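Trainee: Quick one, structure for this:
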Amino acid sequence: VQLQASGGGLVQTGNSLRLSCAASGRTFSGYTVAWFRQAPGKPREFAAAINWNMVITSYTDSVKGRFTISKDSAKNTVYLQMNSLKPEDTAVYYCAARRGVMGGTYDYWGQGTEVTVSS
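Mentor: Numbers count the residues shown, from 1 in each chain. Predicted coordinates:
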C-alpha cells in the first residue's frame, strides 16, 4: 500500500490543522494506520493511531484532548485533526500503516508533511 500524507503548514499557537493520509494500491481495511512525528533534533515519536475495522483509537498523552484521528471509508483516507496547536507540536508528521491491530512495527510509510506552529 502506498501512503500520501498532506495538510501540513505554518500556523500560530492555538490554531488548527487537519492532516490527511490517503492510501493507494489497496484499501485500509484490515490495517492500523498511525501518525508519527519527528521534531528537529529529536527521535520520531508516535502521535495517534486508528484500527480501521474496529475503529479503536490511541493517542500519546501529549496530544490527548487536542488531536483526533478519524477515517473516511469512502475516500480511503485517515485524518488527524489537530486543535489548540502548540509550538512543541512543530514536527514533520508521517503516516504509517501495518496489517492487523495496534502494536508492533509499521510496514508502510508515507512521505512527511511539515507542521510548524509559531508562538
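
Trainee: Pretty sure E88 sits in a strand.
Mentor: No. The assignment for E88 (DSSP: H, G, I helix; E, B strand; the rest coil) gives helix, which keeps it out of a strand.

Trainee: Quick check: which element contains the most centrally placed residue in the chain?
Mentor: Taking Cα atoms, centre = their mean, the centroid of the chain lies closest to W35, which sits 2.7 Å from it. Element membership of W35, judged by DSSP states H and E, is strand 31-38.

Trainee: For that strand, name the packing helices and strands.
Mentor: strand 17-24, strand 45-51, strand 67-72, strand 77-82, strand 91-99 (3 or more Cβ pairs under 8 Å, 6 or more residues apart in numbering; DSSP states H and E). (Glycine included, C-beta is placed from N, CA and C.)

Trainee: Could I get the average pLDDT for that strand?
Mentor: Here strand 31-38 scores 97 as its mean pLDDT.
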